[in-house]
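J.: need a 3D model of the sequence below.
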Amino acid sequence: MLKEQLSRNICIYRKENGLTQEELAQILGVSFQAVSKWENAQTMPDISLLPELSRTLQVSIDKLLGYISQDKPITIYEEEYKTEEYYWGLEPNKACYQVLQLMPPGRRLKLLDIGCGEGKDAVFFARNGYDVTAFDVSDAGIEKTKRLADQMGVHVNVFKADILDYRLDAYYDIVFSSGVLHYIKPDFRNEIFENYKQYTNVNGMHFLNVFVNKPFIAPPPEKEPNAYKWYSGELLSHYHDWFIQDSSEVVFDCNSSGIPHQHAMANIFVQKYPSLF
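T.: Presented below is the predicted three-dimensional model:
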């Protein structure tokens, strides 16, 4: 697992820094074939190369190896989640009921909640009989998810991960995410969604939404340094080869920061059918 994580991260951060395999190899004093083997998980770089690799790719060794750096919060909600109250409340997202309607847990269904926050949706799914795995980048959010699951008498396999770094290596029937996908940088979206699609079982579904940029809606009052714009139709374009159960776009009022504002959001429910080719 470590080899695969390291190989994936070397490739991700090399591309993010605009380096070719040949350029990275030249900086490190190795052959480009060596870099290629690292990125294909055939071999691992010598431990003595990790400090220079870290400096060149502008990422800590911990994060290069798949461990999330603790030096600074990635989400602005880390502090908000440290309160006793649940910042987003305990009412499940409306899309949760769409999951129940379209893929009821009449059999054991594995569900992944990407960016679970404080866990209200993940725990809702577990209470309704799904086998739930969830991750978030916030330590406080993970602890509140565990606490809520314990209070409700259910189990949620919850862990810490950064949406930019984490890739699926197990199959799911349902992939769910609400209000999180704007943390994915545009250059990574195609690769990340191909991974999500690959590790979805046939007849499985994705229930996703994303904030979309509109010129007639002011930017939200929350200043999120790690948020990236999406545009109408962009999320749906990643699923041209899946069956589109539903696709919609809504504008809604929000008061999450204590300042009234609006968001535009694209919602999709899409299903993976077996390929005939």
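J.: contacts and neighbour counts: CA atoms only from here.
T.: Will do.
J.: and the helices in the stretch 101-250 of the chain?
T.: 120-127, 139-152, 186-198, 234-237 (DSSP state H, counting those that start in this stretch).
J.: tell me the buried residues in stretch 113-131?
T.: Applying a neighbour-count criterion of 16 or more other C-alpha atoms under 10 Å, one finds 113-127, 129-131 buried in stretch 113-131.
J.: endpoints of that stretch, how far apart?
T.: 11 Å (C-alpha to C-alpha, to the nearest Å).
J.: domain-wise, how is this protein divided?
T.: 2-64, 89-271 (automatic domain parsing).
J.: if we can go back for a sec, most packed of the helices of the stretch 101-250 of the chain?
T.: helix 120-127 (a mean of 24; mean count of other C-alpha atoms under 10 Å).
J.: where's residue 55, which helix or strand?
T.: Element membership for residue 55, per DSSP states H and E: helix 50-57.
J.: now that helix: buried residues?
T.: Under 16+ other C-alpha under 10 Å, the buried positions of helix 50-57 are 50, 53, 54, 56, 57.
J.: over to stretch 100-116?
T.: Buried, per 16+ other C-alpha under 10 Å, within stretch 100-116: 103, 105, 109, 110, 111, 112, 113, 114, 115, 116.
J.: what of stretch 245-256?
T.: In stretch 245-256, counting by 16+ other C-alpha under 10 Å, buried: residue 249.
J.: how far does it sit from its chain's centre?
T.: 19 Å (C-alpha atoms, centre = their mean, to the nearest Å).
J.: can you check stretch 214-221 too?
T.: 24 Å.
J.: follow-up on the earlier one: contact partners of the helix holding residue 55?
T.: 10, 13, 14, 17, 27, 28, 60, 61, 64 (C-alpha atoms under 8 Å, 6 or more residues apart in numbering).
J.: any weak-confidence spans in the stretch 151-277 of the chain?
T.: Applying pLDDT under 70 to the stretch 151-277 of the chain flags residues 277.
J.: can we see that at 90?
T.: 161-162, 164-167, 169, 187, 218-227, 252, 254-261, 275-277 (pLDDT under 90).
J.: the strands in it, which residues?
T.: Counting by DSSP state E, counting those that start in this stretch, the stretch 151-277 of the chain has strands at residues 157-160, 172-177, 200-211, 243-254, 261-271.
J.: output these as a markdown table; include the columns distance to residue 3.
T.: Shown next, in a markdown table, are those (distance: least, C-alpha to C-alpha, whole Å):
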| stretch | distance to residue 3 |
| --- | --- |
| strand 157-160 | 19 |
| strand 172-177 | 23 |
| strand 200-211 | 23 |
| strand 243-254 | 35 |
| strand 261-271 | 32 |
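J.: OK, contacts around the residue positioned nearest the centre of the chain?
T.: Geometric centre of the chain, nearest residue: residue 163, 3.5 Å, by C-alpha atoms, centre = their mean. Residues near residue 163 by C-alpha under 8 Å, 6+ apart: 114, 115, 136, 137, 183, 184.
J.: circling back: what about burial for the contacts of helix 50-57, which qualify?
T.: 10, 13, 14, 28, 60, 61, 64.
J.: would you agree the first one falls within a helix?
T.: Yes - counting by DSSP: H, G, I helix; E, B strand; the rest coil, residue 10 is located in a helix.
J.: I figured it was touching residue 63, is that so?
T.: No - using C-alpha atoms under 8 Å as the test, residue 10 is too far from residue 63 to be in contact (10.4 Å).
J.: residue 223: which of the strands of the stretch 151-277 of the chain is closest?
T.: Among the strands of the stretch 151-277 of the chain, strand 261-271 comes nearest to residue 223, with 13.3 Å by C-alpha to C-alpha.
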